[in-house]
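> Turn this into a structure:
(chains A, B, C and D)
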Protein chains: 2
Amino acid sequence: MTNNQFKRGELYSFITGKASTAIARRLQKKFNSANLNLTIEQWSVLYHLWKQDGISQQELCNASYRDKPSITRLVDNLEKLQLVKRVSSESDRRMNLIYLTKQAHKLQEQTMELANETLNEALEGVSPDNIELCREVLQIVYDNLK
Amino acid sequence: MTNNQFKRGELYSFITGKASTAIARRLQKKFNSANLNLTIEQWSVLYHLWKQDGISQQELCNASYRDKPSITRLVDNLEKLQLVKRVSSESDRRMNLIYLTKQAHKLQEQTMELANETLNEALEGVSPDNIELCREVLQIVYDNLK
DNA sequence: TTTGGTTAGTTGTATAAACAACTATATGAC
DNA sequence: GTCATATAGTTGTTTATACAACTAACCAAA
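Next up is the predicted model:
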């Protein structure tokens, strides 16, 4: 019984923590080695803005699965680093539209390359089919819980 | 090129964040609903102590993939909650051996049941074979990066 | 037994997440 | 138009993580 519980627990630990934190740490170390003064969380916000610039903080919340205070503070820090600018929306003055600076645009290519590099290292020895299957399982997990 | 980068990025987000944080959040909500005044991180430390009581903080670091300051503070908070006690080792006075309290032992069954419940909800609709395959992929990812 | 290096743990500081309480703006019913 | 309600964002507080610098204890070579 207890034994069985711990078997599930091992499964739990694989799904929740180990692999994902290992990837994040590896990428963070690559950023640090490249003297990019940027956290993975800040990068993940830039990532959404590279896809679509000038979206609101609320849209950043939805895209990055964070709550509003988290985005407020991430945008605060990104503004301090002069990587984004808050621009009050003309049509709805409650909204801040977040725009990338020139400096942030310059970061895209280098950081995405480091992210791809990290992913290649992480998935070495895993077949494309198994990568896709794993991705599908994780998507189902997310959909089951959201 | 940029397009290709973003395809990898999507894969990246699945592996790193969404599924695992969704599971952790769901379990935390179950703890809160049950009026268990306990964070997932605190629970994960108790989890290792349920397997083996009286291990050192360093062993907790290794088991839970955290650095020493993280464990120091988690043990601080668990001590405040009267769930563990630090006992200085007789054989090596540098070491603290961490022991569960009676109260912590009582939490095991209930919290493991909630964890199993969460895992069942998360993996609904995923075949055992695919669960195992996904677990193996995540193990390889971890081994590749550690 | 002294010295130098290693290991276990703590403390300081910065960043981030979760939750609650708050302000300001917009919107819809009347 | 006024008022209730909803939405966008901010602020305060607690907990957690990462990294660096630190103390205390151990250990081994001289």
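
> what does stretch A:33-45 rub up against?
Contact with stretch A:33-45 is made by A:24, A:27-28, A:31, A:46, A:60, A:64, A:71, A:74-75, A:77-78, A:81, A:83-84, A:107, A:110-111, A:114-115, B:13, B:17, as judged by Cβ atoms under 8 Å, 6 or more residues apart in numbering or on different chains. To be clear about C-beta, it is placed using only N, CA and C from the backbone, and glycine gets the same treatment.

> Of the residues you listed, grab the buried ones for ChimeraX.
Buried members of those, defined by 16 or more other Cβ atoms under 10 Å in any protein chain shown, are picked up in ChimeraX with:
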select /A:24,27,28,31,46,60,64,71,74,75,78,83,84,107,111,114,115 /B:13,17
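
> if you look at the longest helix anywhere in chain A, does any of it touch DNA strand C?
Counting by DSSP state H, the longest helix found in chain A is helix A:102-122. No. Residues of helix A:102-122 contacting DNA strand C under Cβ under 7 Å from any atom of the strand: none, with a closest distance of 13.6 Å.

> And for that helix, what's in contact with it?
For helix A:102-122, using Cβ under 8 Å, 6+ apart, the contacting residues are A:19, A:22-23, A:26-27, A:30-31, A:34, A:36, A:38, A:43, A:46, A:49-50, A:78, A:82-84, B:2, B:5, B:8-9, B:11-12, B:15, B:141, B:144-145.

> Same question for it: list its buried residues.
So for helix A:102-122, counting by 16+ other Cβ under 10 Å, buried means A:Ala104, A:Leu107, A:Gln108, A:Thr111, A:Met112, A:Leu114, A:Ala115, A:Asn116, A:Thr118, A:Leu119, A:Ala122.

> Residues of chain A that sit close to DNA strand C?
Within chain A, the residues that sit near DNA strand C (Cβ under 7 Å from any atom of the strand) are A:39, A:41-42, A:66-70, A:73-74, A:77, A:92-94.

> can you put those residues in TSV and add distance to A:Val126?
Putting these into TSV (distance: Cβ to Cβ, whole Å) gives the following:
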residue	distance to A:Val126
A:Thr39	27
A:Glu41	26
A:Gln42	28
A:Arg66	29
A:Asp67	33
A:Lys68	36
A:Pro69	37
A:Ser70	31
A:Arg73	35
A:Leu74	31
A:Asn77	34
A:Asp92	46
A:Arg93	49
A:Arg94	45
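
> In ChimeraX, how would I select the buried members of those residues?
In ChimeraX, this line selects whichever of the residues of chain A next to DNA strand C come out buried by 16+ other Cβ under 10 Å:
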select /A:39,41,42,66,74
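
> just the buried members of the contacts of helix A:102-122?
A:19, A:22-23, A:26-27, A:30-31, A:36, A:38, A:43, A:46, A:49-50, A:78, A:83-84, B:5, B:9, B:11-12, B:15, B:141, B:144-145.

> Dump the very next helix or strand once past the longest helix of chain A to CSV, keeping only the CA atoms.
Sequence order places helix A:128-145 as the next helix or strand after helix A:102-122, per DSSP states H and E. Output of helix A:128-145 as CSV, limited to C-alpha atoms (Å, rounded to 0.1, in the frame of the first residue of the first chain):
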residue,chain,number,x,y,z
PRO,A,128,11.3,12.0,-33.1
ASP,A,129,8.3,9.7,-32.7
ASN,A,130,8.9,9.4,-28.9
ILE,A,131,9.4,13.2,-28.6
GLU,A,132,6.1,13.8,-30.3
LEU,A,133,4.3,11.1,-28.2
CYS,A,134,5.7,12.6,-25.0
ARG,A,135,4.6,16.1,-26.1
GLU,A,136,1.1,14.8,-26.8
VAL,A,137,0.9,13.2,-23.3
LEU,A,138,2.0,16.4,-21.7
GLN,A,139,-0.6,18.3,-23.7
ILE,A,140,-3.3,15.9,-22.5
VAL,A,141,-2.1,16.3,-18.9
TYR,A,142,-2.3,20.1,-19.3
ASP,A,143,-5.8,19.9,-20.9
ASN,A,144,-7.0,17.5,-18.2
LEU,A,145,-6.1,20.0,-15.5
